[in-house]
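>>> Predicted structure and sequence below. I'll ask about it afterward.
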Amino acid sequence: MPRTRRRTVPLPSSFLDFFEHVCYNVHMNELLTRTICIKLDVTGHEAALQETQHRFNEAASWIATLCWEERITNTNTAHHRVYGETRSLFGLGAQLAICARTKAMEAVKAVRIQEAEKLARWRKANAHKKSKEKKPLPPPEPASCPHFRPHSSIRYDARTYRLLSLDRVSLNTIDGRIIARLLPGLRQHEMLEDPDWKIGGAELVWRNGTYFLHVTQSKDVPNVTPAEDAIGVDLGICNVATDSTGEQFTGAEVREKRSRFVARRAALQRVGTKSAKRRLKQMSGQERRYMRDVNHRIAKTLVQKAVVSRKALALEDLTGIRESVTVRREHRYERHSWAFFQLRLFLMYKAAWAGVEVRLVDPAYTSATCSRCGYCASMNRQSQASFLCQQCGFCCHADYNAAVNISLVACQAANSSSGTSPATSPLASAGGS
Ligand SMILES: [Zn+2]
């Protein structure tokens with residue numbers, strides 16, 4: 001599976017657990033990818049698969065440790081260093097040995113990138129503290145080398161697995177090739193057969209005694225329709241989403257449902273019995289499916305609106321938001337929850353899919369600046385919900401005001417970069433305050 005994607009949205013690690021049936025991804029201006037998770041019938045081959053899985057992950061852990069300690073980052077160097085030993089020590093075939101190396105190197109690289117980002121944020125935060133003559137922060141804990149559990153997934157590439165007719169799949173194991181049966185649903189079957197999508201690598205995942213094949217597909221991103229204007233979208237604090245045309249996806253129902261989930265979860269966690277734990281697991285599934293559905297619908301509506309009005313979509317650029325923005329305690333759950341990031345992801349994905357341009361804007365001052373006169377002050381923000389300009393008296397919903405600002409900044413940025421006359425946006429004068 002190609003992992004050279006540029007990260008555009010910071011994903012909480014728990015997000016990765018939310019594979020349902022399909023998981024979508026956008027590599028901006030490059031490729032659309034999606035992963036279809038299909039149940040597998042491996043009757044008769046359990047032992048071979050399990051043994052392969054154990055050895056594959058042992059090998060991947062060994063490779064990761066070695067590359068970590070010797071600070072190897074180059075794929076070629078890694079290959080020459082570990083290939084022979086991977087085969088002789090763990091008894092993997094040539095192709096599986098290569099897949100284990102790919103998996104290990106990707107994990108090492110991801111941890112290194114995370115570590116570097118953490119350090120950069122720490123330096124930035126410390127510089128800020130220093131300028132205000134506050135006590136410096138302790139340096140972040142050094143990252144540790146990734147390790148794979150014996151039941152972790154097996155990576156397959158075009159040479160180690162093949163989809164066959166009649167929903168069968170041939171998989172490479174240490175006992176040679178085996179043929180397993182895929183058990184796709186109707187929709188998954190259609191997606192697999194869709195000629196528009198190219199089939200890429202796959203991941204064999206074991207979960208609670210069942211094997212799943214996560215098949216990756218990819219497709220070129222359609223050309224982006226050029227747009228002058230942008231619809232600004234404010235996500236997440238008071239309402240699930242508010243756009244600059246004034247439409248609100250209030251999330252009242254969502255909030256009520258979610259707070260019920262939160263309360264019930266807390267109660268069950270206090271109980272702590274076996275059946276309570278089972279119930280908790282069921283509930284997490286319900287909440288997840290519910291939010292996923294809500295997010296899909298909102299994203300669809302917003303993208304549709306952009307298509308019809310031939311506009312771009314503008315969102316706040318939230319890279320690193322978890323460290324840099326203070327969010328009130330009662331809203332923290334929303335800002336940091338996977339559901340919030342999921343909506344952004346769906347929006348990006350559906351927009352790319354429909355050829356709608358997505359512009360990311362700096363979130364600074366979007367909520368404190370008046371979208372009518374440009375006066376910027378924290379006093380403007382009366383509460384989470386209401387905005388009242390201290391200068392011109394403009395009064396509206398705070399999220400709507402933010403959405404209009406986002407759209408203004410996006411248009412301004414687009415105009416100044418394309419060399420046309422710079423728009424006079426209120427935010428232009430508000431920058432420094
Ligand atoms: Zn004003």
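On my side now, so go ahead. Numbers count the residues shown, from 1 in each chain.
>>> got the contact list for the residue lying closest to residue 172 once chain neighbours are set aside?
Once flanking residues are discounted, residue 172 sits nearest to residue 160: 4.0 Å by C-beta to C-beta, 6 or more residues apart in numbering. All C-beta spots, glycine's among them, are computed from the backbone N, C-alpha and C. Neighbouring residues of residue 160 by C-beta atoms under 8 Å, 6 or more residues apart in numbering: 95, 96, 99, 171, 172.
>>> Just put the residues you listed in a markdown table and tack on distance to the ion and neighbour count.
Formatted as a markdown table, the contacts of residue 160 follow (distance: C-beta to the ion, whole Å; neighbours: other C-beta atoms under 10 Å):
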| residue | distance to the ion | neighbour count |
| --- | --- | --- |
| 95 | 64 | 15 |
| 96 | 64 | 26 |
| 99 | 59 | 24 |
| 171 | 63 | 23 |
| 172 | 65 | 22 |
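>>> Okay, and which of those map to helices?
95, 96, 99 (DSSP state H).
>>> Domain-wise, how is the chain divided?
31-220, 230-251+289-430 (automatic domain parsing).
>>> hmm, the shortest one touching the ion?
It refers to domain 230-251+289-430. Yes - interface with the ion: domain 230-251+289-430 contributes 370, 372, 373, 375, 389, 391, 392, 394 (C-beta under 5 Å from the ion).
>>> pLDDT averaged over that domain, what's the number?
Mean pLDDT, computed over domain 230-251+289-430, is 77.
>>> Quick one: residues contacting the nearest residue to residue 224 once chain neighbours are set aside.
For residue 224, ignoring the flanking residues on the chain, the nearest one in space by C-beta to C-beta, 6+ apart is residue 357 at 4.6 Å. Residues near residue 357 by C-beta under 8 Å, 6+ apart: 224, 225, 226, 227, 230, 312, 313, 351.
>>> Ranking by neighbours, what's the top pick from the residues you listed?
Within those, neighbour counts (other C-beta atoms under 10 Å) peak at residue 313, which reaches 29 neighbours.
>>> quick one: pLDDT of residue 63?
On the pLDDT scale, residue 63 is placed at 91.
>>> what kind of secondary structure is the closest residue in space to residue 198 that isn't next to it in sequence in?
Leaving aside its chain neighbours, residue 198 sits nearest to residue 218 (5.4 Å; criterion: C-beta to C-beta, 6+ apart). Three-state call for residue 218 (DSSP: H, G, I helix; E, B strand; the rest coil): strand.
>>> Quick check: residue 218 touching residue 31?
Yes - the pair residue 218 / residue 31 is scored as a contact, 4.8 Å apart, by C-beta atoms under 8 Å.
>>> coming back round to it: which one of the ones in helices among the contacts of residue 160 is nearest to residue 259?
Residue 259 has its nearest neighbour among the ones in helices among the contacts of residue 160 in residue 99, at 44.4 Å by C-beta to C-beta.
>>> Is it correct that the closest one is in contact with residue 155?
Yes - counting by C-beta under 8 Å, residue 155 is a contact partner of residue 99 at 4.4 Å.
>>> Quick check: neighbours shared by those two?
Joint contacts of residue 99 and residue 155 (C-beta under 8 Å, 6+ apart) are residue 56.
>>> So for stretch 215-232, what gets flagged as buried?
215, 216, 217, 218, 221, 227, 229, 230, 231, 232 (16 or more other C-beta atoms under 10 Å).
>>> ok, so of those, who is nearest the ion?
Distance to the ion, by C-beta to the ion, is smallest for residue 232 among the buried residues of stretch 215-232, at 17.1 Å.
>>> Which helix or strand contains residue 33?
Assessed by DSSP states H and E, residue 33 sits inside strand 31-41.
>>> Pull that strand out as CSV, backbone CA atoms only.
Written as CSV, here are the backbone C-alpha positions of strand 31-41 (Å, rounded to 0.1, in the frame of the first residue of the first chain):
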residue,chain,number,x,y,z
LEU,A,31,-4.7,10.1,-5.9
LEU,A,32,-7.9,9.1,-4.3
THR,A,33,-7.6,5.9,-2.4
ARG,A,34,-10.1,3.8,-0.6
THR,A,35,-9.8,0.6,1.5
ILE,A,36,-12.4,-2.0,1.4
CYS,A,37,-12.5,-4.4,4.4
ILE,A,38,-13.8,-7.8,3.4
LYS,A,39,-14.3,-10.8,5.7
LEU,A,40,-12.3,-13.9,4.7
ASP,A,41,-13.1,-17.5,4.9
